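Chemist: The sequence and its predicted three-dimensional model are supplied below.
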Amino acid sequence: MKKIITIIIIAFILFALYKATSKPNISPVNTNTDSSDLILYWGEGCPHCENVKDYIKANNLDQKLKINQEEVYSDKQNQQELRNSIIKYCPEIDITKGIGVPMGFDPKENKCIQGDKPIIDFINQKAGINQ
């Protein structure tokens, strides 16, 4: 009887440890329903992020393309969405030391675009602008 109780206690402890260390169940971008041309993850005070946002605004690209802008420095849900999207769709990006912004995500191609110049180039291509 003591063996059964001991086994049950050990199983309970292992289950509790598993649940305590599990990641939250927040989904990555739903690529089946997201009709965006680009999801732009940015952070407040990030100069490279401002370059991209200013370029979009100056060229009225938000009227030519559907661009969702998600702030990640203060919005925990956006942080987790970005992290999950990169883990699922862009494993080539090393997230062990954090995730840099600006980060673009193309939900139609499940592709990450990192950095202000590559994101601007991507936007120009999508909008049919030759640079």
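Modeler: Done, it's in.

Chemist: what's the next secondary structure element after the helix ranked longest in the chain?
Modeler: When the chain is scanned for its longest helix (criterion: DSSP state H), the result is helix 2-21. For helix 2-21, the following helix or strand on the C-terminal side (DSSP states H and E) is strand 38-42.

Chemist: centroid residue for the protein?
Modeler: residue 82 (1.5 Å; C-alpha atoms, centre = their mean).

Chemist: Number of residues surrounding residue 85?
Modeler: Residue 85 sits with 22 neighbouring residues when counted by other C-beta atoms under 10 Å. Using the backbone N, CA and C atoms, a C-beta is placed for each residue, glycine as well.

Chemist: now residue 113
Modeler: Neighbour number of residue 113 under other C-beta under 10 Å is 21.

Chemist: Quick one: neighbours of the residue lying closest to residue 82 once chain neighbours are set aside, just the number.
Modeler: Closest residue in space to residue 82, ignoring its immediate chain neighbours: residue 41 at 4.8 Å, by C-beta to C-beta, 6 or more residues apart in numbering. Using other C-beta under 10 Å, residue 41 has 29 neighbouring residues.
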